[in-house]
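Colleague: Sequence and predicted structure, then a few things I'm wondering about:
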Amino acid sequence: MTHFPTSSAGILPFTSSTPFTMGIELELQLVNRRNYNLASDAVDLLTWIEPRELQKQIKLEMTQGMIELNSGIHTRVDELIEELKDLRGALNKGAQYLNIDVSGGGAHPFQHWNEQRITPSERFYHLHEKYGYLAKTFTVFGQHIHIGVANGDDALYLTHAFSRFVPHFIALSAASPFYQGADTRFDSSRSNVVRAFPLSGTAPVQTRWAEFETYYDELLQMGIVASMKDFYWDIRPKPEYGTVEIRVCDTPLTIEHAAHLGAYAQLLARWILTERPFVMRDDFYLLYQYNRFEASRFGLNGMLALHGETPATSSKLPIFEHLLLQLQLLQPYVQNEVEELTLKRLRHMAHNRLSDAGWLRQAFAQRGSLNDMMRLSSELWMDRSPPSYFQ
């Protein structure tokens, strides 16, 4: 590990926030009703959002077939769900004026990156100039989860500790089995697109915010980054919000599932910052890439490699089994009935190896058409049909 001198200059001050509060961002697909390909209508859609104050929580993304919902700050998952329903209602109503639909899912199954239009914005034009075709291939759809922390040192510990559970979040949210018209054999093909960016991957193994500030300032002075937005890490601290942001999830097919993923992160954060179960060493990310791949490729059926103190104590077990064990550890940290519902829901998914990727494959098998699969997916997200496997 590279050791940077500590900084007292406050180069990147960390804004304290209420620990274990949560908020989520959802990148959503806009699809036309003719063949359910992506519709480049995001700019027009934003003008139709009512009431107008909700426009602050509905934002444009890199390309014009995408729109992003941003929740407020919450302590309870049921309150988050109610807010998301209001945002969805406003989005659905605006979409009707343009004769388009909205869908979750981590990747559109048959769009072509070269057909996508960059959203008019100085930042997006800059990113397109900087990253070339990668900017348009970034027309994939993720859920970001923010968890509040009290200070920068806690943020770094949580950033690293959350990485142990990246396979859980990828497997539980996986919703992009199809890409460019083909079944990729991955549950989450979106994960591979994100990895192409040069500042993707994992944060440096640092545990003190002062060290991280100096690292950040060095990259700033070299012109490698201009802000924290330039880090495309799977998990990153967000000092301006006072949060740690998990960025590995595909956008789920329903808002309920998205909200419960946020609640899972909230429960994990309580456990992690109370128990401090991990020691941050130079080899902390030694097995990270393998485990990430297994989750992206095989979902809950992937194998998780666990690094022991010695080779003899290292082991592997299915991701769904590791998830079930972790859910047991979280039980004492449940504070209300809706968090109990989160654990029950995730146990059900783990026991039965259920995922949105499986739902999409089943819908395609039944309909024989990716277009029709997308129609059903949009009906699911827009709440025109009930979720299938959580009844």
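Modeller: Sure, I can see it.

Colleague: Residues in contact with stretch 82-92: which ones?
Modeller: If you take Cβ atoms under 8 Å, 6 or more residues apart in numbering as the criterion, stretch 82-92 is touched by 24, 26, 28, 45, 49-51, 54, 57-58, 67, 69, 71-72, 74, 102, 255, 258-259, 381-383. In short, each C-beta sits where N, CA and C put it, glycine included.

Colleague: Could you rerun that using 6 Å?
Modeller: For stretch 82-92, contacts defined as Cβ atoms under 6 Å, 6 or more residues apart in numbering pick out 49, 54, 69, 71, 102, 255, 382.

Colleague: and M349, how far is that from M280?
Modeller: Using Cβ to Cβ, to the nearest Å, M349 is found at 30 Å from M280.

Colleague: chain center to stretch 143-160, what's the gap?
Modeller: Here the centre of stretch 143-160 is set off from its chain's centre by 14 Å, with Cα atoms, centre = their mean, to the nearest Å.

Colleague: so how far does it reach from one end to the other?
Modeller: With Cα to Cα, to the nearest Å applied, stretch 143-160 spans 19 Å between its terminal residues.

Colleague: Mind checking which of the contacts of stretch 82-92 are in helices?
Modeller: Mapping the contacts of stretch 82-92 onto helices (DSSP state H) picks out I255.

Colleague: Just the buried subset of the contacts of stretch 82-92, please.
Modeller: 49, 54, 69, 71, 102, 255, 382 (16 or more other Cβ atoms under 10 Å).

Colleague: For L80, give me its contacts.
Modeller: Neighbouring residues of L80 by Cβ under 6 Å, 6+ apart: 71, 74, 259.

Colleague: in terms of contact count, name the helices or strands touching the helix or strand hosting the last one.
Modeller: Under the criterion of DSSP states H and E, A259 resides in helix 255-275. Contact analysis of helix 255-275 by 3 or more Cβ pairs under 6 Å, 6 or more residues apart in numbering; DSSP states H and E lists strand 22-32, helix 77-98, strand 142-148, helix 337-352 as its packing neighbours.

Colleague: From A175, how far off is P318?
Modeller: Taking Cβ to Cβ, one finds P318 at 20 Å from A175.

Colleague: neighbour-wise, which of these two wins?
Modeller: Counted by other Cβ atoms under 10 Å, P318 and A175 do not tie: A175 has more neighbours, with 30 against 18.

Colleague: what about the nearest residue to the more buried one once chain neighbours are set aside, how many neighbours?
Modeller: The shortest distance from A175 to any non-neighbouring residue, by Cβ to Cβ, 6 or more residues apart in numbering, is to D356 (3.7 Å). Other residues near D356 number 31, with proximity taken as other Cβ under 10 Å.

Colleague: quick one, phi/psi of D356?
Modeller: Per-residue torsions, D356: phi -70, psi -30 (degrees, to the nearest 10).

Colleague: Over to I67?
Modeller: With angles defined as degrees, to the nearest 10, I67 sits at phi -140, psi 150.

Colleague: those strands in the stretch 51-200 of the chain, which residues are they?
Modeller: For the stretch 51-200 of the chain, the strands defined by DSSP state E, counting those that start in this stretch occupy 58-60, 66-70, 100-103, 142-148, 178-179, 182-183, 200-201.

Colleague: Between those strands, which one is closest to T15.
Modeller: Among the strands of the stretch 51-200 of the chain, the nearest to T15 by Cβ to Cβ is strand 142-148 (10.0 Å).

Colleague: could you check the angle strand 22-32 makes with that closest one?
Modeller: 160 degrees (axes from the mean of the first three to the mean of the last three Cα atoms, to 10 degrees).
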